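# My questions are about this predicted structure, shown below with the sequence.
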Amino acid sequence: MIVGASLGGVLVAAVGPGWGLAVDALSFALAAASFALVRVQVAPPEPSVGLVHELRVGWREFTSRSWV
């Protein structure tokens, strides 16, 4: 992090703030393109037992806490 900030300051001092922002934007574009290539497996959603059941379980958990 320190080296990156120092390099950014040197870049702005050497070529100007406009070019420094352009290089920064290019680095963000490259990062976005790299992130777009990441593939992950999506787990299938677990079947829900129902809203009322979830509320009942949540309320039971909430009331079991003495500090609440």
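Arrived safely, thanks for sending. Numbering: from 1, shown residues only.
# does the most centrally placed residue in the chain sit in a helix, a strand or a coil?
When the chain is reduced to its mean C-alpha position, the nearest residue by CA atoms, centre = their mean turns out to be Phe35, at 11.2 Å. Of the three states, Phe35 takes helix according to DSSP: H, G, I helix; E, B strand; the rest coil.
# try the one 5 residues further on
For Val40, the secondary-structure state derived from three-state DSSP is coil.
# All the helices of this structure, residue numbers only.
With DSSP state H as the definition, the chain shows helices at residue ranges 2-15, 17-36, 51-63.
# what comes into contact with the first one?
So the one you mean is helix 2-15. Here helix 2-15 makes contact (CB atoms under 8 Å, 6 or more residues apart in numbering) with Trp19, Gly20, Val23, Asp24. No exception for glycine: its C-beta is placed from N, CA and C like everyone else's.
# Excluding chain neighbours, what is closest to the second one?
Looking back up the chat, that one is Gly20. Take Gly20 and drop its neighbours on the chain: the residue closest to it by CB to CB, 6 or more residues apart in numbering is Val12, 4.0 Å away.
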